[in-house]
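> I would like to see how this sequence folds:
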Amino acid sequence: MTETVVCPFCESEISFTAKKCSHCGEWVSRICQTCGTPIRDQWAARGYCADCGVKESTGYSVRPVPGPLQQPVYYGERKSQTISVGLALVLGGIGAHKFYLDKPGLGILYLMGSWTGIPSIIGIFEAVKYIRMDEGEFQERFLRGDL
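Numbers count the residues shown, from 1 in each chain. This is a model prediction of the structure:
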């Protein structure tokens, strides 16, 4: 039975003797080529020896692992950009798109001013703004809570 430790980067179980995490690809253990000191955890990933103070003294490259770019993680309920555009165009005068995007204060403001027709015009401009955003920007903006 081999002993396991937790990777300090991705928190996966890895072998105690592992040099590199098999899950995230980060270095977790190296030997300094200058002084022979074992280097572990984030210092191994950075290639820095605390004993002799030499950066990249291990002889290993300290570059990110090549591969596909990571996709951003969005927390919360994802909102549909298409539904937001439709609501802003059709029911923008009563603030339906604001209620959908979890902005009830602005939705009530639009509803109170709906008799003027101004919220309808603003809804059209907001629909155009939503169309011009890419999906990532839209999700980041409305899941984080920006106006």
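
> can you map out the helices along the protein?
In the chain, the segments counted as helices under DSSP state H are 41-46, 81-90, 96-100, 104-112, 118-132, 135-144.

> In the last one, which residues have enough neighbours to count as buried?
The one in question is helix 135-144. Buried positions in helix 135-144, judged by neighbour count with 16 or more other C-beta atoms under 10 Å: 138-139, 142-143. No exception for glycine: its C-beta is placed from N, CA and C like everyone else's.

> Out of those residues, which is nearest to P119?
Distances from P119 to these, taken as C-beta to C-beta, are shortest for F142 (18.6 Å).

> Now do S12, the pLDDT please.
In this model, S12 is scored at 76, pLDDT.

> and it, what is it in contact with?
S12 makes contact with 6, 21-24 under the criterion C-beta atoms under 8 Å, 6 or more residues apart in numbering.

> quick one: which two of those are the most distant?
V6 and S22 (13.3 Å).
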